[in-house]
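Novice: Could you look at this predicted model? Sequence included:
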Amino acid sequence: MDLKPFTRPTRYTISCLPAGISPDARLWDLHVEVDRDGYWSITDGHRYLDINGIWHDTRREGGQHTLGEAIATAEAAAPHVTINGLTPAAALARIVELEAAG
């Protein structure tokens, strides 16, 4: 039997910050991940976002979504992710300001 490898996407990263702009940019990332049953969840690495934009402590509470629902929800939530009081827009402005100051 000749087995051929296949690729199965299991995780997507959604972010408002460009990759490589800062070592800390990943902190604003949201991830859409598939579970063993084929459902998708949205996580920041610690909590899970439900379809209504509410964060939960467990994947189960965050709900099981289709890929389309999960990506749409993550894209809607990404501009509002706040780390140390900074949204992605504020973080980007700070990075640009620091780079300009040299």
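Specialist: Done, it's in. All values derive from a computational prediction rather than experimental measurement. Numbers count the residues shown, from 1 in each chain.
Novice: what about stretch 71-88, how long is it end to end?
Specialist: 18 Å (C-alpha to C-alpha, to the nearest Å).
Novice: correct me, but Trp28 touches Ile83?
Specialist: Yes - contact criterion C-beta atoms under 8 Å: Trp28 and Ile83 qualify, at 6.0 Å. Placement of C-beta: from N, CA and C, glycine included.
Novice: neighbour count winner among these two?
Specialist: Comparing Trp28 with Ile83 by other C-beta atoms under 10 Å, the one with more neighbours is Trp28, at 22 against 13.
Novice: just to revisit the earlier point, shared neighbours of Trp28 and Ile83, anything?
Specialist: Ala91 (C-beta atoms under 8 Å, 6 or more residues apart in numbering).
Novice: Please export the C-alpha coordinates of stretch 25-41 as CSV.
Specialist: C-alpha atoms of stretch 25-41 as CSV (Å, rounded to 0.1, in the frame of the first residue of the first chain):
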residue,chain,number,x,y,z
ALA,A,25,3.1,41.1,19.1
ARG,A,26,2.0,37.5,19.6
LEU,A,27,0.4,38.5,22.9
TRP,A,28,-2.5,40.0,21.0
ASP,A,29,-3.0,36.9,18.9
LEU,A,30,-6.2,34.9,18.9
HIS,A,31,-6.2,31.2,17.8
VAL,A,32,-8.9,29.2,16.2
GLU,A,33,-8.2,25.6,16.9
VAL,A,34,-10.0,22.3,16.0
ASP,A,35,-10.8,19.7,18.5
ARG,A,36,-10.9,15.9,18.0
ASP,A,37,-14.5,16.0,17.1
GLY,A,38,-13.9,18.5,14.3
TYR,A,39,-15.4,21.6,16.1
TRP,A,40,-13.5,24.8,16.3
SER,A,41,-12.8,27.1,19.3
